[in-house]
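**Q** Pasting the sequence and the predicted model now:
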Amino acid sequence: VFVTNGFMTPEMIEMAAPYLSAANVDLKSFRNEFYKNQCGAKLAPVLDSFKKMKALGIWIEITTLLIPTLNDSEEELKDIAEFIVSLGTETPWHISRFHPLFKKRDLPVTPVSSLHKAVEIGKQAGLKYVYSGNVPGDKGENTYCFNCHKLLIERYGFKILKINLSGNQCINCGAVLEGIF
């Protein structure tokens with residue numbers, strides 16, 4: 001799995017594609033101002049990277065670190081969710097809890113309620129797999145069947161506790177879970 005901030009050229013993606021089965025790509029914000037001020041970068045090349053990877057058949061999972069006051073507005077979360085839906089409703093979105101460290105010690109930790117709100121926004125937009133992260137034990141870490149809503153993969157932090165799949169199918173209803181297993 002390739003983990004990246006997504007800021008790369010189409011040529012780099014084409015060169016790496018034959019060696020990649022999956023990529024976890026950060027989508028830090030859906031605002032140019034955030035990318036300019038916080039990352040010294042631009043949003044458009046990152047969005048283009050998602051589209052290029054998808055077109056090349058690379059399985060994509062998206063991670064957003066939810067930072068209070070910087071990228072956590074309902075409007076921005078809806079914009080992110082709608083963009084991810086445009087890539088495919090099967091595209092997982094991991095929404096991670098921010099902890100104040102290094103240069104951002106002046107900001108508060110992301111409230112769990114904000115994570116849950118973001119997860120709900122993703123689901124309402126039509127995404128099948130939306131997760132909350134950096135909150136070990138939270139139910140948002142788990143994978144549920146998009147069809148029957150039964151628990152498929154139970155997690156605690158980075159540990160898998162239980163798998164209710166037969167191959168890539170729900171053992172309860174037979175729905176096929178997209179992804180690489």
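**A** Yep, it's here. Numbering: from 1, shown residues only.

**Q** Quick one: the strands in this protein, in order.
**A** Under the criterion DSSP state E, the chain contains strands at 2-4, 22-26, 59-66, 93-97, 130-133, 143-144, 151-156, 159-163, 165-166, 169-170.

**Q** Need the residues that contact stretch 62-71.
**A** Contact partners of stretch 62-71, identified using C-beta atoms under 8 Å, 6 or more residues apart in numbering, comprise 24-31, 34, 38, 50, 72, 80, 84, 91-98, 104, 107-111, 114-115, 118, 133. Backbone N, C-alpha and C define where each C-beta goes, glycine included.

**Q** Repeat that for stretch 7-19.
**A** Contacts to stretch 7-19, defined as C-beta under 8 Å, 6+ apart, come from residues 2, 39, 41, 45-46, 48-49, 52-53, 56-58.

**Q** Quick one: buried ones out of the residues you listed?
**A** With neighbours counted using 16 or more other C-beta atoms under 10 Å, these contain these buried positions: 2, 41, 46, 48-49, 52-53, 58.

**Q** Out of the residues you listed, name the two that are farthest from one another.
**A** Of all pairs drawn from these, the widest gap by C-beta to C-beta lies between 41 and 58 and measures 20.9 Å.

**Q** can I get the strands of the chain in TSV with mean pLDDT and distance to residue 13?
**A** Converted to TSV, the strands of the chain look like this (pLDDT from 0 to 100; distance: least, C-beta to C-beta, whole Å):
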stretch	mean pLDDT	distance to residue 13
strand 2-4	95	10
strand 22-26	97	9
strand 59-66	98	11
strand 93-97	98	20
strand 130-133	97	24
strand 143-144	96	27
strand 151-156	96	28
strand 159-163	96	29
strand 165-166	97	30
strand 169-170	96	31
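
**Q** Check those for me and report the most buried one.
**A** Of all those, strand 93-97 has the most neighbours on average by mean count of other C-beta atoms under 10 Å, namely a mean of 23.

**Q** what separates that strand from the chain centre, distance-wise?
**A** Mean-position distance between strand 93-97 and its chain equals 6 Å (C-alpha atoms, centre = their mean, to the nearest Å).

**Q** try stretch 14-29
**A** Computed by C-alpha atoms, centre = their mean, the chain-centroid distance of stretch 14-29 equals 13 Å.

**Q** Straight-line length of that stretch, end to end?
**A** 24 Å (C-alpha to C-alpha, to the nearest Å).

**Q** circling back to that earlier point, please type out the PyMOL selection for whichever of the contacts of stretch 62-71 turn out to be buried.
**A** The buried subset of the contacts of stretch 62-71, as determined by 16+ other C-beta under 10 Å, is captured in PyMOL by this line:
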select buried, resi 24+25+26+27+28+29+30+31+34+38+50+72+80+84+91+92+93+94+95+96+97+98+110+114+115+118+133
